[in-house]
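S.K.: Here you go, sequence then predicted model.
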Amino acid sequence: MLASQLDIRLIFGIGNADAAYHRTYHNVGILMAEYLKKSIPERANQTHINKGFMNVVGKEVARALKKNHIAPTHLLVIHDDSDIPLGRFKLSFDRNSAGHKGIESIIQSLKTKAFWRLRIGIRALRNTRPAEQFVLKRITAAHLKQLETVFASALRPLQ
C-alpha cells in the first residue's frame with residue numbers, strides 16, 4: 001500500500017484508557033498511536049486515543065468524525081488482533097469486525113464498515129490460549145521490542 005493510496009484524515013488508536021490496562025496486549029492500538037504521535041509529528045493532530053473503554057468506543061469515534069467533518073472512508077483505526085501473529089500487522093479496508101468488540105462498536109455507531117484498520121498482531125507463536133485469557137496481560141519486555149519494530153514498519157504508509 002502506497003502512502004498516496006491512503007487519504008487518512010483521522011487516526012484512532014483504541015484500547016482501554018484506564019491505567020489498569022496500560023501496556024496490555026489489548027491496548028496495542030493506544031501504544032501504536034502514542035508511537036505515531038512521536039514519530040510523525042505532522043500526524044499528531046490527526047491522531048486520537050479513546051478516553052473510555054474499547055468495547056464502547058464507537059460513539060467517541062463517530063463524534064470525532066462529525067466534529068472534524070470527516071467521512072469514515074478517511075478514518076484509520078489501530079487495534080490489536082489476536083488472529084495475527086506477534087510481529088506482524090495488516091492494513092485492511094471495509095472488513096467485518098471478526099469478533100473484535102471495539103470494531104463492532106465502531107461499525108455499529110458509524111453504520112458502515114468502510115473505514116481503514118491497522119491490525120497489530122498480538123499472539124505469540126506458541127500461544128494457543130483463547131484471546132480472553134491473555135489480552136489483558138501486561139506486554140513482556142521482549143514482546144514490546146517486537147511491537148516497536150512492527151510500529152515502525154506499519155508507519156510507512158502514513159508518512
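M.R.: Received the coordinates, thanks.

S.K.: Now do the SS call for residue 51.
M.R.: With DSSP: H, G, I helix; E, B strand; the rest coil as the basis, residue 51 sits in coil.

S.K.: Go through this protein and flag its longest helix.
M.R.: helix 141-155 (DSSP state H).

S.K.: For that one, buried residues please.
M.R.: Neighbour-count burial for helix 141-155 flags 143, 146-147, 150-151, 154-155 (criterion: 16 or more other C-beta atoms under 10 Å). C-betas here are computed from N, CA, C, even on glycine.

S.K.: isn't there a helix covering residue 48?
M.R.: No. Applying three-state DSSP, one finds residue 48 to be strand, outside a helix.

S.K.: Just confirm it contacts residue 33, I think it does.
M.R.: Yes. The pair residue 48 / residue 33 is scored as a contact, 7.3 Å apart, by C-beta atoms under 8 Å.

S.K.: shared neighbours, those two?
M.R.: Shared contacts of residue 48 and residue 33 (C-beta atoms under 8 Å, 6 or more residues apart in numbering): 11-13.

S.K.: neighbours of residue 68, just the number please.
M.R.: 13 (other C-beta atoms under 10 Å).

S.K.: which residues sit against stretch 24-39?
M.R.: 11-17, 21, 23, 43-44, 47-50, 54, 77-80, 82, 102, 118, 120, 122, 134-139, 143, 147-148, 151-152, 154-155, 158.

S.K.: Nearest spatial neighbour of residue 103, chain-adjacent residues omitted?
M.R.: residue 97 (4.0 Å; C-beta to C-beta, 6 or more residues apart in numbering).

S.K.: so the one you found sits in a strand?
M.R.: No. Assessed with three-state DSSP, residue 97 is coil; it does not lie in a strand.
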